[in-house]
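> no FASTA, just this:
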């Protein structure tokens, strides 16, 4: 396999010749077929992104139906646990097994889980369905990035990745809105049934349209194939992730952070994760994440960037609607609409940066600019107060959303540019894993900040039962607080929410460091032609 041509720096590249571009693109499908494949991929990505948030607004009706208030946390946790725990192993599966069939299998698993959720006769069945759907989500998330890498020439990928970022933004705001519409107008079960026809359409399209090179793994025995999936690493990694996520889910809500169960889960995570790191170091090329891939400069920087941006993104996407519902006294659907400035600016930034990277060839400036805009926007959002004007809460969201859109997909482009084809599945899965896990971690941190400051703020107001207000949720504050104390209570509630935005400020500022650490690689330079994922299945030795 020919080596990726290294970049020598940002300026001074000679434009690629027509012959270079022809050699780079001739192995890829024609543009018409690429567009159809991408439409199918975007549908699958939209459903997966939608499924994370659509349940939130349906949860009250679900708990009323099953009389299952104690299971509320599991409707989201079961999905998140299996999606996160399976993410890294999918990177290995995509490396050594046919991409098309692994992706189709992931869609089928997601559809089965959705069908079980929609038809669930009990709360336990719904939780099981969510866990199965999450397992399919892990394969769809990383598989979508891998298929883009296999079907779209490198110099065009930024534009298609930008659209992928836009899909995520749109689904983030439509999730709560559609959840509210289905729950109110039809049934909460349609929050899950909606996945079946659209997911089926994506499955059929991928089946007939996608044609990618199969892995070159020779005549391996079943034992050899299983060993390539790093079963020893999985034995420690999956339980470690589950322990961490359970601790974050239960801590501060079901149990106090000092409870022995939470402390034990954190200790178990530390022990299991340490063993996992040791195993990966010993296995080297057979590891779930070969150390040489993780230590590659752009992969490491991209992973840190993804962790920083996902933390800020999840805090804002979760707590801005809470602010609108509690402070502006609107329902979930209206709060989703009021959140549109952030999402639409994110869509514009994602598509625009994708086009500009395609034209200019470099993703680095957009990561740097994205971090700056995110930091400024998040800083302005911390100034929210109950009497803030429309122009400010709209404008501040636009600044943050634009920054998020500018940088959200650049780490994926960097990984695809800097890694050999055989290493892209692992690199892509690593980014997805860091995005999901760090988003969950910082939501838990934000929840702790919010609860502590809200309790402190409300306790300082005479005549208010802080515990009752917190238990009542964002929309119940006006029913639980005396009219004479409402202004003070709203100030305290708003202050507690904006304290969580400080996390987004800090992580956005921190994102500047990995943005600066990124290698300067030109996506318009001639690179390897469309390679197979398992060329050099034991670990490509090509360095970048």
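Happy to help now that I have it. A quick note: this is a predicted structure, and the numbers were derived from the prediction, not measured.
> any idea which helix or strand carries residue 393?
Using DSSP states H and E, residue 393 maps to helix 390-407.
> how far does the following helix or strand past that helix sit from the chain's center?
The helix or strand immediately downstream of helix 390-407 is helix 410-418, counting by DSSP H and E. Put simply, helix 410-418 sits 16 Å off its chain's centre (CA atoms, centre = their mean, to the nearest Å).
> The helix holding residue 393: which residues count as buried?
Neighbour-count burial for helix 390-407, counted by 16 or more other CB atoms under 10 Å, picks out 393, 396-407. For every residue, glycine as well, the C-beta is placed using N, CA and C.
> Contact partners for the residue lying closest to residue 446 once chain neighbours are set aside?
Of all residues not flanking residue 446 in the chain, residue 500 sits nearest, at 4.1 Å (CB to CB, 6 or more residues apart in numbering). Residue 500 makes contact with 315, 319, 446, 449, 450, according to CB atoms under 8 Å, 6 or more residues apart in numbering.
> Number of residues surrounding the last one?
When neighbours are counted by other CB atoms under 10 Å, residue 450 registers 22.
> In this model residue 343 seems to touch residue 173, though I could be wrong.
Yes: taking contacts as CB atoms under 8 Å, residue 173 lies within contact range of residue 343: 4.2 Å.
> Quick check: neighbours shared by those two?
By CB under 8 Å, 6+ apart, no residue touches both residue 173 and residue 343.
> burial count for residue 175?
22.
> State whether it is indeed within a helix.
Yes: Residue 175: assigned to a helix according to DSSP: H, G, I helix; E, B strand; the rest coil.
> which residues does it contact?
49, 50, 51, 52, 53, 54, 56, 336.
> mind redoing it with 6 Å?
50, 53, 54 (CB atoms under 6 Å, 6 or more residues apart in numbering).
> repeat for residue 304
Contacts of residue 304 by CB under 6 Å, 6+ apart are residue 514.
> Would you mark the buried spots in the host helix or strand of it?
When elements are assigned from DSSP H and E, residue 304 belongs to helix 297-327. Neighbour-count burial for helix 297-327, counted by 16+ other CB under 10 Å, picks out 298-327.
> just to revisit the earlier point, so what does the residue nearest to residue 446 have for phi and psi?
Note on residue 500: backbone dihedrals following degrees, to the nearest 10 are phi -70, psi -30.
> Give me the pLDDT for it.
With respect to pLDDT, residue 500 has a value of 91.
> same thing with residue 214?
pLDDT, residue 214: 73.
> hang on, it in a strand?
No: under three-state DSSP, residue 214 falls outside any strand and is assigned coil.
> ok, it to residue 100 distance?
9 Å (CB to CB, to the nearest Å).
> go on, residue 75?
32 Å.
> Tabulate the contacts of residue 500 in TSV, adding columns for pLDDT and distance to residue 468.
Supplementary listing: the contacts of residue 500 in TSV, determined by pLDDT from 0 to 100; distance: CB to CB, whole Å:
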residue	pLDDT	distance to residue 468
315	88	26
319	87	21
446	86	22
449	87	21
450	86	16
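> Any chance of those residues in CSV with distance to residue 331 as columns?
Converted to CSV, the contacts of residue 500 look like this (distance: CB to CB, whole Å):
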residue, distance to residue 331
315, 22
319, 17
446, 22
449, 25
450, 20
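> nearest to residue 271, of these?
residue 446 (26.6 Å; CB to CB).
> Just say helix, strand or coil for that closest one.
Quick answer, by three-state DSSP: residue 446 is helix.
> Residue 492 touches residue 457, doesn't it?
Yes: with contacts counted by CB atoms under 6 Å, residue 492 reaches residue 457, the gap being 3.1 Å.
> Can you identify each of the helices in the stretch 201-350 of the chain by residue range?
222-227, 231-250, 260-283, 291-294, 297-327, 332-338, 340-360 (DSSP state H, counting those that start in this stretch).
> between the second one and helix 260-283, how many degrees?
Read it as helix 231-250. Here helix 231-250 points in a direction 150 degrees away from that of helix 260-283 (axes from the mean of the first three to the mean of the last three CA atoms, to 10 degrees).
> how distant is helix 231-250 from the center of its chain?
That offset, for helix 231-250, works out to 18 Å (CA atoms, centre = their mean).
> ok so, going back, residue 75 and residue 100: which has the busier surroundings?
Between residue 75 and residue 100, counted using other CB under 10 Å, the more crowded position is residue 75 (21 against 18).
> Leaving out sequence neighbours, find the closest residue to that one.
residue 55 (5.6 Å).
> what sits against residue 161?
Applying CB under 6 Å, 6+ apart, the residues contacting residue 161 are 354, 409, 412, 413.
> Could you identify the helix or strand that succeeds the strand or helix carrying it?
Residue 161 is part of helix 157-181 when elements are defined by DSSP H and E. Downstream of helix 157-181, the next assigned helix or strand under DSSP H and E is helix 190-193.
> Now that following helix: average pLDDT?
So the average pLDDT for helix 190-193 ends up being 93.
> And it, what's buried?
Buried-residue list, helix 190-193, by 16+ other CB under 10 Å: 190, 191, 192, 193.
> Give me the helices and strands touching that helix, please.
helix 99-119 (3 or more CB pairs under 6 Å, 6 or more residues apart in numbering; DSSP states H and E).
> so how far is the helix it packs on off the chain centroid?
19 Å.
> now stretch 411-429
On CA atoms, centre = their mean, the centre of stretch 411-429 falls 17 Å from that of its chain.
> Could you work out the end-to-end span of that stretch for me?
Counting by CA to CA, to the nearest Å, you get 12 Å between the two ends of stretch 411-429.
> what's the distance between the residue nearest to residue 513 when sequence neighbours are not counted and residue 149?
Leaving aside its chain neighbours, residue 513 sits nearest to residue 304 (7.3 Å; criterion: CB to CB, 6+ apart). Going from residue 304 to residue 149 by CB to CB gives 21 Å.
> from memory residue 279 sits against residue 234, does it?
No: taking CB under 6 Å as the definition, residue 279 is not a contact partner of residue 234, at 9.8 Å.
> And the pLDDT for residue 25?
Reported pLDDT for residue 25: 46.
> what's the answer for the one 4 residues further on, then?
The confidence metric pLDDT takes the value 88 at residue 29.
> Could you pull up the residues touching it?
Residue 29 neighbours (CB under 6 Å, 6+ apart): residue 151.
> redo that, cut-off 10 Å
Neighbour list for residue 29: 35, 36, 37, 150, 151, 152, 153, 209, 210, 211, 212, 530 [criterion: CB atoms under 10 Å, 6 or more residues apart in numbering].
> burial of residue 427, as a residue count?
Residue 427 - counted by other CB under 10 Å - has 30 other residues nearby.
> now whichever helix or strand it is part of against helix 231-250, angle please.
Element membership of residue 427 [criterion: DSSP H and E] is helix 424-459. Helix 424-459 and helix 231-250 meet at an angle of 20 degrees, taking the same axes, to 10 degrees as the criterion.
> Give me the buried stretch members for the helix or strand that helix 424-459 is followed by, please.
Counting by DSSP H and E, the element after helix 424-459 in chain order, helix or strand, is helix 466-472. Using 16+ other CB under 10 Å as the test for burial, helix 466-472 gives 466, 469, 470.
> now do stretch 436-446
Buried-residue list, stretch 436-446, by 16+ other CB under 10 Å: 436, 437, 438, 439, 440, 441, 442, 443, 444, 445, 446.
> what does stretch 410-422 give?
410-422.
> For residue 143, state which of those is nearest.
Scanning those for proximity to residue 143, where the rule is CB to CB, the winner is residue 412, at 12.9 Å.
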